[in-house]
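Asks: what follows is a predicted structure for the sequence shown.
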Amino acid sequence: MKNRIHIFTGHFGSGKTEVALNFALQEKKKGEDVVIVDLDIVNPYFRTNDARNVLMKNGIKVVANNYASSNVDMPTMPLDILSVFNNDNSVVVFDVGGDDDGALALGQYKQYFDKYGYEMHFIVNTKRPLTRTNDELIEIAERIESASRLKFTDIYNNTNLSDQTDGNTLFSGYDEIKMLSKKMGIAITKNCGIDKALSNVPTNLKDTVFRMNICILRPWEIQ
């Protein structure tokens, strides 16, 4: 039986929220009931709750604190978060704040993750500062695991340069990610990107493609 609880976390700027949103939307298209939990109490700018309308339009329940996407930055936990663990019929997606600061919030619920099972996906973008080498990535991963008291189960390669991403970007740091995979003993299960980022995927990795759409507009893109 596959785990129904999926945790998405990584370094600041890794794109974990976009990956989490796209995962939730794709699970919904498969016919699953989906709940997404905005547990990003670190970054007030790019968070799951900003895409609430898109998610709700697609029948996805959003669990977020009352101050999310407001002018009040209060690092509080959603009041109804415990209810998602008891729902055996739903796929539950956790969007978690970057690094160990965000993972501390995740660790509060360790007993529930251990009880119900989980997959924790390490979202990697080797074009971001402090995550360019496998040593830097290992350090980030270990800090997150220590703070959350949970273990990563796989790696999602989401290497990108935002608007400057081209067909060569996604695999530009792949050797470092492969070394990370070997050292951590977990697989690279997904290579993520929008269409232009996926134009040069090697044939042997076609089955790992995770095709995404941009769900969250940056503040300067909103008209």
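Replies: Yes, it's here.
Asks: output the lowest mean pLDDT helix or strand found in this structure.
Replies: Every helix and strand of the chain was ranked by mean pLDDT, DSSP states H and E. The lowest is helix 99-107, at a mean of 84.
Asks: tell me the first helix or strand C-terminal of that helix.
Replies: Elements were assigned by DSSP states H and E; along the chain past helix 99-107, the next helix or strand is helix 110-116.
Asks: can you give me the buried ones in that following helix?
Replies: With burial defined by 16 or more other Cβ atoms under 10 Å, the residues of helix 110-116 counted as buried are 113, 116. All C-beta spots, glycine's among them, are computed from the backbone N, C-alpha and C.
Asks: who touches it?
Replies: Here helix 110-116 makes contact (Cβ atoms under 8 Å, 6 or more residues apart in numbering) with 4-5, 7, 82, 85, 148-150.
Asks: if we go to 6 Å?
Replies: 5, 85, 149-150 (Cβ atoms under 6 Å, 6 or more residues apart in numbering).
Asks: and the helices in the protein?
Replies: Using DSSP state H, the helices of the chain run over residues 16-29, 52-57, 99-107, 110-116, 134-148, 174-184.
Asks: residue ranges for the strands of this protein, please.
Replies: For the chain, strands defined by DSSP state E occupy the ranges 5-10, 33-39, 61-63, 90-96, 119-124, 154-157, 187-193, 209-211.
Asks: residue contacts, E142?
Replies: Here E142 is in contact with no residue (Cβ under 6 Å, 6+ apart).
Asks: farthest pair in the contacts of helix 110-116?
Replies: Using Cβ to Cβ, these span at most 16.2 Å, a distance reached by F85 and R149.
Asks: can you give me the separation between G10 and N191?
Replies: Going from G10 to N191 by Cβ to Cβ, to the nearest Å gives 15 Å.
Asks: looking at the two, which one has more neighbours?
Replies: G10 (28 against 25; other Cβ atoms under 10 Å).
Asks: hmm, E27 is touching S90, no?
Replies: No - counting by Cβ atoms under 6 Å, E27 does not reach S90; the two are 9.5 Å apart.
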